[in-house]
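Engineer: I would like the atomic coordinates for the input below:
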Amino acid sequence: MSVGTGRRASLKDVAALAETSIATASRALSGTGYVAESTSQRILEAARALNYQPNLRARGLRQRVSHSIGLIIPNLLNAYYTALADAISQQIAPRGYHLLLSSTRDDAATEHGTVVDMVGQAVDGLIWVPSVAETDLLGYLAGQHTPAVAIVRRLADDPIDTVVFEDGAGSRAATQHLLSLGHQRIAYIGGDVMHSCNRDRWQGFLEAMRQSGLEPDESLVKLGANRGAWGAMATNDLLRLVPAPTAIFVASNAIMPGVIRTLRQAGVALPAEMSLICFDDVEWFSFSVPPITAISTAYTALAEAAVDLLMTRISGDSGGAERPPVLMEVNFEFVLRRSTAAPRAGPLLFREAHAGDMAAGENAS
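Structural biologist: Numbers count the residues shown, from 1 in each chain. Okay, the predicted model is just below:
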């Protein structure tokens, strides 16, 4: 017996070739229920002959178990999210799960559609960097009995399990380092403060400044998007200030390429003319010239914590399905490299000759 050209063999085809019922073939191939040994052998031989592959998605929709975990992140181009996705994949694979990955670009409609699609794929749970997270979307997840863990960003009132970094504490540590070197005109470039991670880092910077007796200069604080183009524009504005800052604290690795490019195009020497520090630590920071001082956050620890929380919810072990939402913070590490030093002695001269190059660099991001 053969199936039609271009058509995948079905369970019905296997049953017909083995001369059994579809129910018997299903029991033999899934290993559930009793099937006589001779019949089971005949079914297995038929499956091999037809190169039969079970439709796992259809099985998952019937059983509401797919052995898949959905991961929803804002941006696949952010090196940190890519590393995080890989770490989560490595955590779930030994437990018999595979990863479904999607990005939202922080768009509310995309986020809503992605969550609904993931649940429609019968994922056993979601790990999610929330962008907007409307109330009805959380209600939808609850109604579908789909466990979810928020990571990196918190939702209002923490309605689901959440794992974040020590954003406020790490930002204070970065700012205090610059203050300890003698800097007072410290610029801050961060992302949209509607997201908790960006808001907490911004607040940590402000707190550290005020605790040192300095009221932050509003012209030195640049809040925008977590993208390189924003870093370029913000840095360009900062370099034109009189007096210009002596240090820049960049609150996300995604912003950093635009900052670095603009400083280099303007001919600003690090750290002799400008100190630079970043929240997040990615691989290229260590071989940049000079290497970048950073607040390192362990994405592997966050991945492990998020997966453990989700698996507890899925399995229901230790009352996991019913316990109140858990909030966890992952520790940071201060990584001192060579991009920070004492403030420059004199003013920073803006290199007008590079202005056109800088504008071109912004458009390229």
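Engineer: how would you label the residue nearest the centre of the chain: helix, strand or coil?
Structural biologist: Centroid check for the chain by CA atoms, centre = their mean gives Tyr81 as the closest residue, at 3.7 Å. Going by DSSP: H, G, I helix; E, B strand; the rest coil, the secondary structure assigned to Tyr81 is helix.
Engineer: again, but for Ala150
Structural biologist: Under the three-state scheme (three-state DSSP), Ala150 adopts strand.
Engineer: that one touches Leu126, doesn't it?
Structural biologist: No - the criterion here is CB atoms under 8 Å, and Ala150 misses it with Leu126 at 9.1 Å. (C-beta placed from N, C-alpha, C; glycine too.)
Engineer: between those two, which one's more packed in?
Structural biologist: Ala150 (25 against 22; other CB atoms under 10 Å).
Engineer: now Pro291. Its backbone dihedrals?
Structural biologist: phi -60, psi 140 (degrees, to the nearest 10).
Engineer: that one: neighbouring residues, count only.
Structural biologist: 16.
Engineer: any idea how far it is from Leu178?
Structural biologist: 17 Å (CB to CB, to the nearest Å).
Engineer: Pro271: what's it in contact with?
Structural biologist: Pro290, Arg338, Ser339, Thr340, Ala341 (CB atoms under 8 Å, 6 or more residues apart in numbering).
Engineer: and if we set it to 6 Å?
Structural biologist: When contacts are counted by CB atoms under 6 Å, 6 or more residues apart in numbering, Pro271 is found next to Ser339, Thr340, Ala341.
Engineer: do Ala79 as well
Structural biologist: With the criterion set at CB under 6 Å, 6+ apart, Ala79 makes contact with Val282.
Engineer: let me know the pLDDT of it.
Structural biologist: pLDDT recorded at Ala79 is 83.
Engineer: then the one 5 residues further on?
Structural biologist: Confidence at Leu84, expressed as pLDDT, is 93.
Engineer: let's verify it: helix, strand, or coil?
Structural biologist: helix.
Engineer: check the burial of it by counting its neighbours.
Structural biologist: Leu84: 23 neighbours (other CB under 10 Å).
Engineer: residues contacting it?
Structural biologist: Counted by CB under 6 Å, 6+ apart, Leu84 has contacts Tyr299.
Engineer: how close does it get to Val307?
Structural biologist: Counting by CB to CB, the gap between Leu84 and Val307 amounts to 11 Å.
Engineer: what about the strand or helix carrying Ile295, distance to the chain center?
Structural biologist: For Ile295, the element it lies in under DSSP states H and E is strand 293-297. Its chain's C-alpha centre and that of strand 293-297 lie 16 Å apart, by CA atoms, centre = their mean, to the nearest Å.
Engineer: walk me through which strands it pairs with, and which way each runs.
Structural biologist: Applying DSSP bridges to the sheet, strand 293-297 is found paired with strand 275-279 (parallel), strand 332-335 (antiparallel).
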